[in-house]
Each structure stands twice: as C-alpha cells, then as structure tokens.
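# Quick one: sequence plus predicted model below, questions after.
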Amino acid sequence: MRLAVAPNGDVLLGWIEKAQEAGQPYGQDVHVARYAQGQWQHLGGALNYSRPREATTLDLAIDAQGRPLLAWNENLDHVDLHVVRSFQNGTWTDWDARRLGQDLTYAARVRRVASSAGEAVMVWGIQNTHMPGTLLVVQTWDGVTWRRSPPLNSGRQVALLPAIALNTAGAPVVTWLEGDAATSAVLVKRWTGTAWQALGGALNRRPNTYTFAPALRLDGAGRPVVAWLEDQDGIDTLFVKRWTGVAWQALGDALNVRTESPAGRPALALDAQGRVTVAWAEGLDGSRQVYAKRWDGKTWRGLGGGALSTSGRDAGFTDLGIGPDGRTYVAWQEQTAGGHVARVVELHSP
C-alpha cells in the first residue's frame, strides 16, 4: 500500500487487492483512490494491463503538478514485468509498450520511482550473469526507449531496496543498501548533472551490520533525510539522519517505542518547514501496532497519543504523507477476520 499527498492537499492511496476467481491460481488488481472534499473517489477501476495476473511491488509518486504515477510488477511465470501508468487529463495512460522484464525475480524487484512532468524517473537494478552483484541505474523514457544513467555502483556487491527523490531542478538523489544481508551499508548519492556524487560514507550507526528498508525525502534545499532499520542487540531498530551539506547528522537516537520491540519498514515525510515525521509498525508479527513521531529540533515527539492502530489487530505496510498546509496522514494495512483493510488517519501536532 502506498500513500501520497498532492500539492493541492488531495490524498492519494494505491493498493493491491485480491481478485482471484474460482479455478484461477492467482489474481490481484491494482487500485488508486483520491480523498478530496471529505470523500474517497476511485480513479478508474482495476489498473492492471493484464488480468488475471499476480501484481506486486507497488510504487506511487506524484509530480509537482499533482499527477499520480504508478509502477508495479505483473508477474508472468518466472518473468517480472515492470509496468507504469500516469493519471493525465482525467484518465490513466496506456504505457503497456514501455514494460520492462527480467527473468531474474530478485533483480527485477530492485526498483523505485519518482515522477517528473508526469513521467517516471526509475531507479532500477540490473543483475547479469557476468557480475556477482547488482548494478543500479536511473532510467527515464526518452519517447522511444528507456535511457539509462551511468551506474551508481560497481556491481561487485548486491544492491537492494533503493529509494529515489528529485530536487527542485529534477535531479535524482538515491539511497540503497549494498552488501549481503548481515553486513550491508546504507549509501546515498546525488546526480550533479554529469556524474553521481557520494554524500559522505555509510549511514549505519555500526559499520558492516544488518540494515533494511531505507526511506528518503529531500528538504526545500534539496538536502536528503534518510530513515532506516539497523540491528541493535538483535532488534530491528529505527534511526534517522539528515545531510547538513557537509556531513550526516543523527536526529536523536532510536525511535522504537520499546527497545525490545522490533520496528518495521519506516515511512518518512517532511513538511514545508522541513520538519521530519516518521511512521512505522512495531512489534512481533501478529501483534504489530502503528506509531508516528515528529522531530522538533531536539527530540522525537509522538503523534496521535500512542499507537495509531487501536483495534488490537495486526497492522503493517505503513505509509505517510504531509500536505502543503501541514496536514499529516498515515496509512496502514490492518488485519480483519476476513482478510485485510486499509486505514488512513489524519494526525495533529502535539
């Protein structure tokens, strides 16, 4: 599930919904809804190019004009087909011809998107048999084909879970994990117009340790803020750092509500004043609850008065967005007796 807030304050929610019919081995549909003037409105029906087909790895981005863009995988046997659609002039584009596919499921899922002028700016993983790891590039559509940037990394190690953001000039900034599962590094580079420039070294609190799920946003000056999970005494622990222009600055210590409780994949957003807000699910599988905190310049302050998910059921797949007026929205998936439902709440500063 993905949430984004448009420049006019409309809230967009994208999700993948089970649509399997009797006798079919699979069937999942991609949907988007917009919350405006107090109600949810679906933007079209199921957005898959082919049905029935398994859909995974959903991305949702919004450009400066407020146009939503989706990317996801439509899986066909052993091939992951990456597809993209943009909502323009009241309808979804038909860009099925732009699909990308790899017969290497792991590599094909190393993908995130941003949006510029209604077009996808995609960080993409390439895994070839002559390389031991994964090569990361940024791809854009030139009207005929996908044009690749120079690689961000050497390809000698595994690279995974990238995130991408664009500065006001449209230049990409990318964060990713590099290394094996137990000894990875959180790295960040930005495009200067001619080359990729590393922003400091690894962000990890401890070098060569387990890290996971980096999230990335830029402030008004184009400086990145990154949230990620890192092993601390066997617990997935949530940290945040901000690039000052010359170095990485830690924003406080761990965000976990309880030190013995593992945090899940974080969501990150900045308001117009550059204040950082993070949302995440915390706890053991089956009893996770959703929390949000905001950095006030000195410490992390909880939003919502405690856990945002109050039903007592398992919650996860958290996302977060902030509107131009400072309204803060958190979305998550919550377990029910019959499956799962999407929840969205608006938060207020303490």
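Now that the structure is in, tell me what you want to look at.

# same question for stretch 13-27, mean pLDDT?
Averaging pLDDT along stretch 13-27 yields 83.

# Show me which residues of that stretch are buried.
By 16 or more other Cβ atoms under 10 Å, the buried positions in stretch 13-27 come out as 13, 14, 15, 16, 19, 27. In short, each C-beta sits where N, CA and C put it, glycine included.

# tell me what the helix or strand hosting the fourth one is packed against?
It stands for residue 16. In this assignment (DSSP states H and E), residue 16 forms part of strand 11-18. Here strand 11-18 touches strand 2-5, strand 28-36, strand 54-62, strand 68-76, strand 328-336, strand 339-347, going by 3 or more Cβ pairs under 8 Å, 6 or more residues apart in numbering; DSSP states H and E.

# Distance to residue 347 for the buried residues of stretch 13-27 - can I get that in a markdown table?
Listed next are the buried residues of stretch 13-27 as a markdown table, based on distance: Cβ to Cβ, whole Å:
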| residue | distance to residue 347 |
| --- | --- |
| 13 | 16 |
| 14 | 20 |
| 15 | 20 |
| 16 | 25 |
| 19 | 32 |
| 27 | 35 |
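
# okay, among those residues, which ones form the most distant pair?
Within these, 13 and 27 form the most distant pair, 20.9 Å apart (Cβ to Cβ).

# The stretch 101-250 of the chain: strands as residue ranges?
With DSSP state E, counting those that start in this stretch as the criterion, the stretch 101-250 of the chain has strands at 111-116, 119-126, 135-141, 146-148, 159-166, 172-178, 185-191, 196-198, 211-218, 224-232, 235-243, 248-250.

# Please name whichever of the ones you listed is nearest to residue 341.
Here strand 211-218 is closest among the strands of the stretch 101-250 of the chain (Cβ to Cβ), at 22.9 Å.

# just checking, what packs against that closest one?
strand 159-166, strand 172-178, strand 185-191, strand 224-232, strand 267-270.

# mind listing what's buried in the first one?
Buried positions in strand 159-166, judged by neighbour count with 16+ other Cβ under 10 Å: 159, 160, 161, 162, 163, 164, 165, 166.

# Also the longest one?
Using 16+ other Cβ under 10 Å as the burial criterion, the residues of strand 224-232 that qualify are 224, 225, 226, 227, 228, 229, 230, 231, 232.
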